[in-house]
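Participant: using only what follows, build the 3D model:
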Amino acid sequence: MADRPKAPPFTKAQKWVIGIAGVFFAGLAGLGGYGSFAAVEAVAREHGFGDHAWIVPIGVDLGILALLTVDLVLEQLDMPLPPLRWLAWAFTAATIWFNMSAVEAGLSWPDRITGQGMHAAMPLLFIAFMEGVRHAIRRRTGMTSQRRMDGIRLSRWFLDPAGTFGIWRRMVLWEVRSYRTGLVLEKHRRERAGALKSRYGLLWRWKAPAEKKWPLRGGMLDLALELTGTIEGTTPTSPG
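Facilitator: As a prediction, this is how the structure comes out:
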């Protein structure tokens with residue numbers, strides 16, 4: 001799409017930061033898996049798994065890693081599948097519950113709550129890290145994607161809800177992916193509406209003839225197609 005800029009390449013410093021984050025993630029995953037293995041295995045053994053209780057912690061942890069890895073790959077390929085992430089969250093919640101169940105029931109309630117919180121900390125950190133990586137991949141992929149649509153910041157929704165809804169609605173209807181291009185279209189629309197209001201007064205929506213009001217829709221659509229480069233043979237115009 002002509003209204004979608006190219007994703008900038010990673011700098012050397014960014015590559016170093018990514019590498020260090022990967023080392024931290026590997027350590028976090030290793031410590032979390034080691035810490036929960038014994039607790040989940042003990043709970044599984046108490047619930048009838050016997051000598052095969054080790055299958056439960058390993059299977060659940062590997063399942064979470066596999067689901068999140070595939071989810072990240074699909075995000076990178078711009079083919080997101082949210083149920084994969086939801087299922088990974090469900091397995092993570094199950095792991096947290098299994099770990100919390102391993103806390104001794106004879107402890108006083110402050111000590112029991114503290115122990116359960118300590119068991120839940122590592123899985124929550126793991127999910128938080130993976131969501132950060134997924135968010136970065138999603139945003140970077142969205143820079144060049146032909147399907148992703150830019151979001152509109154919450155502060156604009158708060159300050160001008162009606163006008164922001166109009167911009168978002170036209171972006172959806174006219175297949176405009178870039179928010180900056182949507183602002184350019186809104187600027188042209190307001191200029192044309194202001195000209196009609198100056199000529200026909202406050203009731204310009206009813207007094208102005210149809211051929212005068214049509215450019216607010218058809219003309220804006222033509223401009224949107226031109227800015228996004230979707231009209232064959234046209235030269236895309238920079239939205240800046």
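Participant: so which residues of this structure form helices?
Facilitator: With DSSP state H as the criterion, the chain has helices at 12-44, 55-76, 82-101, 109-144, 154-159, 161-173, 179-200, 204-207, 210-213, 218-227.
Participant: contacting residues around the most centrally placed residue in the chain?
Facilitator: Note on the chain: the residue nearest the mean C-alpha position is His135, at 5.4 Å, using Cα atoms, centre = their mean. Contact analysis of His135 by Cβ atoms under 8 Å, 6 or more residues apart in numbering lists nothing. For every residue, glycine as well, the C-beta is placed using N, CA and C.
Participant: which stretch in the helices of the chain has the least confidence?
Facilitator: Ranked by mean pLDDT, these end with helix 218-227 in last place, scoring a mean of 69.
Participant: the residue nearest to Arg199 when sequence neighbours are not counted: neighbouring residues, count only.
Facilitator: Excluding the flanking residues, the one nearest Arg199 by Cβ to Cβ, 6 or more residues apart in numbering is Ala208, at 7.5 Å. When counting by other Cβ atoms under 10 Å, one arrives at 19 neighbours for Ala208.
Participant: quick one: Trp54 and Ala38 touch, right?
Facilitator: No. Between Trp54 and Ala38 there is no contact under Cβ atoms under 8 Å: 9.8 Å.
Participant: about what we covered before: how about the contacts made by the residue nearest to Arg199?
Facilitator: Ala208 sits next to 196, 199-200 when contact means Cβ under 8 Å, 6+ apart.
Participant: neighbour-wise, which of these leads?
Facilitator: Neighbour max across those (other Cβ under 10 Å) = Leu196, 18 neighbours.
Participant: any idea how far the closest residue in space to Met149 that isn't next to it in sequence is from Trp157?
Facilitator: Using Cβ to Cβ, 6+ apart and skipping the chain neighbours, the partner closest in space to Met149 is Arg177 (5.2 Å). Separation of Arg177 from Trp157 (Cβ to Cβ, to the nearest Å) stands at 19 Å.
Participant: show me which of the two is the more surrounded one.
Facilitator: More neighbours surround Arg177 than the other of Arg177 and Trp157, with 19 against 13 (other Cβ under 10 Å).
Participant: quick one, phi/psi of Asp78?
Facilitator: Dihedral angles of Asp78 (phi, psi; degrees, to the nearest 10) stand at phi 60, psi 40.
Participant: show the pLDDT at it.
Facilitator: Residue-level pLDDT assigned to Asp78 equals 71.
Participant: against Ala29, how distant is the residue lying closest to Val56 once chain neighbours are set aside?
Facilitator: In space, and not counting its chain neighbours, Val56 is closest to Ala44: 4.0 Å by Cβ to Cβ, 6+ apart. Plainly put, Ala44 is 20 Å away from Ala29 if you go by Cβ to Cβ.
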